[in-house]
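[1] how does the following fold in three dimensions:
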Amino acid sequence: MSIKVIGLIKVQDELAFEEYRGQVSQTIELYDGKVLTRGIRSETYWNQLNCEEFNGFVEIEFQSEGAADRWANSPEYQALLQVRAKAMKLTLFSVVT
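    I've put the predicted structure just below:
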């Protein structure tokens, strides 16, 4: 069983986003995770949950829920929260696959 962490991203500041993106992968790798997919939203077919608009997407894989939790709460990732807040609005959630 693996855990996927999915991020729905609304970029607010391109320069801050590039700064964040350039650093976040290193924090993920420290907890044995890897970025599987990055993309730009193309089309919304249904939005019955009334999700806020987003323009980007990321899919990250971890070997366990514990590893995903340790990464999300790690000092390395927490150090990026200030630049992340400037860069984007983010919905981040995990799913069991």
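[2] element containing residue 24, please.
    Element membership for residue 24 (DSSP states H and E) is helix 14-30.
[3] and the next element down the chain from that helix?
    Proceeding N to C from helix 14-30, the next assigned helix or strand is strand 34-40, under DSSP H and E.
[4] ranges for the helices of the chain?
    Secondary structure of the chain, counting by DSSP state H: helices at 14-30, 65-72, 75-78, 81-87.
[5] would you turn those into a markdown table with distance to residue 6 and mean pLDDT?
    Placement of C-beta: from N, CA and C, glycine included. Putting the helices of the chain into a markdown table (distance: least, C-beta to C-beta, whole Å; pLDDT from 0 to 100) gives the following:
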| stretch | distance to residue 6 | mean pLDDT |
| --- | --- | --- |
| helix 14-30 | 13 | 97 |
| helix 65-72 | 11 | 97 |
| helix 75-78 | 16 | 98 |
| helix 81-87 | 16 | 98 |
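[6] hang on, the earlier thing: what comes up buried for the helix holding residue 24?
    Neighbour counts over helix 14-30 (16 or more other C-beta atoms under 10 Å) mark 16, 17, 19, 20, 21, 24, 27, 28 as buried.
[7] cool, and stretch 83-97?
    In terms of neighbour count (16+ other C-beta under 10 Å), stretch 83-97 has its buried residues at 83, 84, 87, 88, 90.
[8] test my guess that the third one contacts residue 22.
    Which is residue 87. No. Residue 87 lies out of contact with residue 22 (C-beta atoms under 8 Å); the separation is 10.9 Å.
[9] now residue 43: how far from residue 93?
    Note on residue 43: its distance to residue 93, by C-beta to C-beta, to the nearest Å, is 21 Å.
[10] re the thing from before, now the buried residues of helix 14-30 as CSV including distance to residue 73?
    Below are the buried residues of helix 14-30 laid out as CSV (distance: C-beta to C-beta, whole Å):
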residue, distance to residue 73
16, 22
17, 22
19, 21
20, 17
21, 20
24, 15
27, 11
28, 13
